[in-house]
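In: Fold the following for me, if possible:
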Amino acid sequence: MSSPRLGVVRKSMLTNPLLIKPPLGEVCSRGLVLPEPDVPLGIRTFSNGSVAEVLSNWGVQPSPKEIRSFQNKNFVSLNRDAVRAGVVTSKEMSQYRAQRAKAPIQRRSSSQDKREASGRSAPDIKFGVKQRQSNNMADILSHTYGHLWLEKQLSRPRKPEKRVKPLVPAETRTVLLRKSRSLPTIKQPVKLPEFAQVAPALNTFRDPKDRERALRTQQLSFEPRKNSPN
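Out: Coordinates of the predicted model:
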């Protein structure tokens, strides 16, 4: 297929929004392919959706007669009959259950079944949620609920108020050192063992009186010898 354009016009060019050109006087469809007329965007609908269908098939709460009774198979009786029939393996058990499709059933007993058996449906229940009773408009406009709440709060027993004690800062080590007075420590000079006083090995004076007399004489003669020029 020849064309005045460069190249050959292909079918893929008709779906490319960058290459397709709109007809003269019309808006370009951007090359998007529309689905079938009976297929909406999303899921195919099998219903007409007209007013007549809505009026004739209104989705209301079903009556108790229309509610299906949930019935479960009585597997206890199935297993008992299978053992009596000589079924051993799981494959034989599945085949036996497939053959006995219409096995005796056992109706479940629960609160839901009791509610369904009563035959009464609550008119104020929608989608499983029970609606709250509507409030009276006169009570709302007269602030009745506000007054009731205030009276309830005033009637409550009041607890005695606890007096808040002033916070006292914790005593730190610095505060304790400032308050306490440390005892004076007397530092004694360190004496090496080699300079310690050693008892005299020889006793020069036989009598202690002679020793005292010699010391006194030495002290008396110390002053003249100290002041002498020599």
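
In: Tally up the residues packed near R178, please.
Out: 10 (other Cβ atoms under 10 Å). Yep, even glycine has a C-beta here, placed from its N, CA and C like the rest.

In: so it is in which element?
Out: Counting by DSSP states H and E, the element that carries R178 is helix 173-179.

In: same deal with R206?
Out: Counting by DSSP H and E, there is no helix or strand that carries R206.

In: Count the neighbours of T172 for me.
Out: Neighbours of T172 (other Cβ under 10 Å): 9.

In: Let me know the pLDDT of it.
Out: Looking at T172, its pLDDT stands at 91.

In: How much space separates it from I140?
Out: 61 Å (Cβ to Cβ, to the nearest Å).

In: likewise A170?
Out: 56 Å.

In: which one of those two has more residues nearby?
Out: Each of A170 and I140 has its neighbours counted (other Cβ under 10 Å); I140 has more, 11 against 6.

In: got the residue ranges for the strands in the protein?
Out: 71-73, 105-107, 125-126, 129-130 (DSSP state E).

In: give the contact list for D81.
Out: If a contact means Cβ atoms under 8 Å, 6 or more residues apart in numbering, then D81 has R100 as its contacts.

In: Pull up the per-residue confidence for it.
Out: pLDDT, read off for D81, is 87.

In: distance of it from S90?
Out: Computed as Cβ to Cβ, the D81 to S90 distance reads 16 Å.

In: Likewise for F205?
Out: With Cβ to Cβ as the criterion, F205 and S90 are 127 Å apart.

In: Looking at the two, which is more packed in?
Out: Counted by other Cβ under 10 Å, F205 and S90 do not tie: F205 has more neighbours, with 12 against 8.

In: L78: how many residues sit nearby?
Out: Around L78 there are 17 residues (other Cβ under 10 Å).

In: Quick check: it touching R97?
Out: Yes: taking Cβ atoms under 8 Å as the definition, L78 is a contact partner of R97 at 6.2 Å.

In: what about the chain, any weak spots by pLDDT?
Out: Applying pLDDT under 70 to the chain picks out residues 1-7, 17, 20, 27-54, 56-73, 101-132, 227-230.

In: run the last query once more with 90
Out: Along the chain, the model assigns pLDDT under 90 to residues 1-148, 153-154, 156-171, 173-208, 210-211, 214-215, 217-230.

In: can you give me the helices in it?
Out: 51-56, 75-85, 90-99, 111-118, 137-141, 144-155, 173-179, 208-220, 222-227 (DSSP state H).

In: To L24, which of those lies closest?
Out: Ranking these by proximity to L24 (Cβ to Cβ) places helix 51-56 first, at 42.0 Å.

In: give me every residue that touches T204.
Out: So T204 contacts R211 (Cβ under 8 Å, 6+ apart).

In: L215 versus that one, what's the distance?
Out: 12 Å.

In: Likewise for I140?
Out: I140 is 121 Å from L215, where distance means Cβ to Cβ.

In: do the same with K165
Out: Using Cβ to Cβ, we find K165 at a distance of 76 Å from L215.

In: How about F195?
Out: 23 Å.

In: quick one: which of these two has more around it?
Out: Ranked by neighbour count (other Cβ under 10 Å), F195 and L215 place L215 first, with 11 against 7.

In: ok, now which ones touch the more buried one?
Out: Per Cβ under 8 Å, 6+ apart, neighbours of L215: none.

In: Okay then, goodbye and thanks.
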